[in-house]
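> The following block contains a protein sequence and its predicted model.
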Amino acid sequence: MTEYFRPLTIRSRYYYAALPNQKHEVIYMNILLTNDDGIFAPGLAAIYKELVEIGNVTVIAPSDSQSGASHSVTFSEPLVCNKVDINGQFTGFSVGGSPADCVKLAVMQLHEGPIDLLVAGINNGANAGINVYYSGTVAAAMEGAFLKIPAVAMSLSREEHMDFEQAAGYCIEVLRKLMPVKKGNVININIPELSKGRPKGVRVVPHSSKGFEEYYIRQTNEQGQVVFQLAGGQHLLDESPTDTTSLAEGFITITALIPYMTDHNRTNEIKKIKW
């Protein structure tokens, strides 16, 4: 666990990977950038400006917000895809589907050549605790892992003023230290509330199995129907360090996730039953 965060000073279009029998080899990366807040989201634009310093970046993202879409994919209808200009800064592919759709379409149709790294984010709001199951941002990274692409999800804790530019700086510093990310790996990075000052450090922690304070607000719509709006509060905190507790304490969190759901211990126990 790293308790103190020291910014990196190296800024290059390359990263260096140690290889057998060689000191270093310069590797130029092809990066796929996506998100779940939509292609015009400020978090995506902020991390794009950092990623172009380390590789060639292709943007393929949903046409509008897909927050909470999880790992949904579109089967019932074709995906509308347009090339768009993002605020005069760069161009990208806008896809009328989920983040997972974007990754699939990128790999199978839109991206030319191999993808060395998939980056999802920067998400508007932390993806910690059980939110990793609901998150379209994390799902995009997981889809990359399914396709044997190194993947990193990046998120910034939600507050009134979201400083995505500063968050992008922290994210790229963490990413540089993590590289090279291996094929099939998923790294989940969360940045704490930046209005409270500089992050206290970096913690490598598991994601929390607890949820957060949530409830439904009962309302009546214009048609006189009873409707329920899901609302929530703070994350329920753990006694030991996890992503949710560490974010609340002001730390950047790093969690390694896996795209495999098999409980091997329980599976072996079930095998012992006489069927």
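Everything's here; your move.

> So which residues of the stretch 101-250 of the chain form helices?
131-134, 136-146, 164-178, 243-248 (DSSP state H, counting those that start in this stretch).

> Give me the distance from the last one to the chain's centre.
It stands for helix 243-248. Computed by CA atoms, centre = their mean, to the nearest Å, the chain-centroid distance of helix 243-248 equals 16 Å.

> for it, packing partners?
For helix 243-248, the contact count by 3 or more CB pairs under 8 Å, 6 or more residues apart in numbering; DSSP states H and E identifies strand 186-191, strand 226-235, strand 252-257 as packing neighbours. All C-beta atoms are positioned from the backbone trio N, CA, C, and that covers glycine.

> 10 Å instead?
Under the contact criterion of 3 or more CB pairs under 10 Å, 6 or more residues apart in numbering; DSSP states H and E, the helices and strands touching helix 243-248 comprise helix 131-134, strand 186-191, strand 202-204, strand 226-235, strand 252-257.

> Now tabulate these in JSON lines and tack on mean pLDDT.
What follows is those, written out as JSON lines (pLDDT from 0 to 100):
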{"stretch": "helix 131-134", "mean pLDDT": "87"}
{"stretch": "strand 186-191", "mean pLDDT": "96"}
{"stretch": "strand 202-204", "mean pLDDT": "93"}
{"stretch": "strand 226-235", "mean pLDDT": "81"}
{"stretch": "strand 252-257", "mean pLDDT": "94"}
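
> Mean neighbour count added to those, as TSV?
Putting these into TSV (neighbours: other CB atoms under 10 Å) gives the following:
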stretch	mean neighbour count
helix 131-134	19
strand 186-191	26
strand 202-204	20
strand 226-235	11
strand 252-257	21
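
> Reformat the ones you listed as CSV; add distance to Asn87.
Compiled in CSV, the helices and strands packed on helix 243-248 are given as follows (distance: least, CB to CB, whole Å):
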stretch, distance to Asn87
helix 131-134, 28
strand 186-191, 22
strand 202-204, 31
strand 226-235, 31
strand 252-257, 27
